[in-house]
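missing the sequence, but the structure's below:
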């Protein structure tokens, strides 16, 4: 069931309208080129990364585009009252949002749980699931034992937030990197726990330290006269400080 409309579709999930703008632009170029004889010259920016042709091929294969085109041709040839219109809109959009990086902290509790503190603030994107998957991949801690903390400025004092498709790219990467460090620590602990220390004698300290005390020597020599002789000059019962700066 469908309703023909010329209104752009926008929803809470993605209401920016970029796909609609892409369809309008490409459709306008096609119409002008085919019906009015305009010569359309493509223009735009050149991107130094991204295999866009492969991405498009995968999208066409996933949607079975060839079969759709075959069905479209079949209905047109037979004059079917129910025709099929097919439109493809492709565009490149920046992601990562604002800011340069995001805060994250992962805490492993004594009972084997993980608490993730993230600077992003989810409102329906499923951060609980995504962040738990990242922690499980890095540390092996099951997803159902990972707790996410966000939006509490007492526990997460620094955070940029969620906007502009930045959550996974910046917030998720921060969690992934911190969880990777935790994984290295856990691996070292496992390695140390696997060492057989039953035949190792306990040591109070790693080195045998010998305390060497100075032996005070008592002398009967009276140095009073010597000390007075080399003492600074005095004036009115006070020592005179030598002038060091002219």
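Received it, and whenever you're ready, just let me know what you need. Keep in mind it's a predicted model, so treat the numbers as computed, not measured. Residues are numbered from 1 along each chain as shown.

Can you show me the strands along this structure?
Per DSSP state E, the chain carries strands over the ranges 104-108, 114-118, 146-149, 234-235, 238-239.

same question for the last one, mean pLDDT?
So that's strand 238-239. Strand 238-239 shows a mean pLDDT of 73 in the predicted model.

Tell me which of the strands of the chain lies nearest to residue 136.
Of all the strands of the chain, it is strand 146-149 that lies closest to residue 136, at 6.8 Å by CB to CB. In this view, the C-beta of every residue, glycine as well, is placed from N, C-alpha and C.

that older thread, out of the strands of the chain, nearest to residue 93?
Using CB to CB, the nearest of the strands of the chain to residue 93 is strand 114-118, at 23.5 Å.

Show me the contact partners of the closest one.
With contact meaning CB atoms under 8 Å, 6 or more residues apart in numbering, strand 114-118 is reached by 102-109, 127, 131-132, 135, 139, 141, 145-150, 155-156, 159, 171, 174-175, 179, 182.

which stretches of the chain have low pLDDT?
Low-confidence segments of the chain (pLDDT under 70): 1-3, 6-19, 36-48, 97-99, 203-209, 219-222, 242-246.

The same query, at a cut-off of 50, please.
12-13 (pLDDT under 50).

And the helices in it?
Here the chain has its helices, by DSSP state H, at 18-35, 52-62, 65-78, 127-139, 173-193, 224-230.

picking that back up, winner for burial among the strands of the chain?
Among the strands of the chain, strand 114-118 has the highest mean neighbour count (mean count of other CB atoms under 10 Å), at a mean of 22.

Quickly run through the sheet partners of that one, with directions.
Its sheet considered, strand 114-118 pairs with strand 104-108 (antiparallel), strand 146-149 (parallel) by DSSP bridges.

and it with helix 173-193, angle?
Strand 114-118 and helix 173-193 are oriented at 150 degrees to each other (axes from the mean of the first three to the mean of the last three CA atoms, to 10 degrees).

close enough to count as contact, residue 179 and residue 140?
No: Residue 179 lies out of contact with residue 140 (CB atoms under 8 Å); the separation is 10.2 Å.
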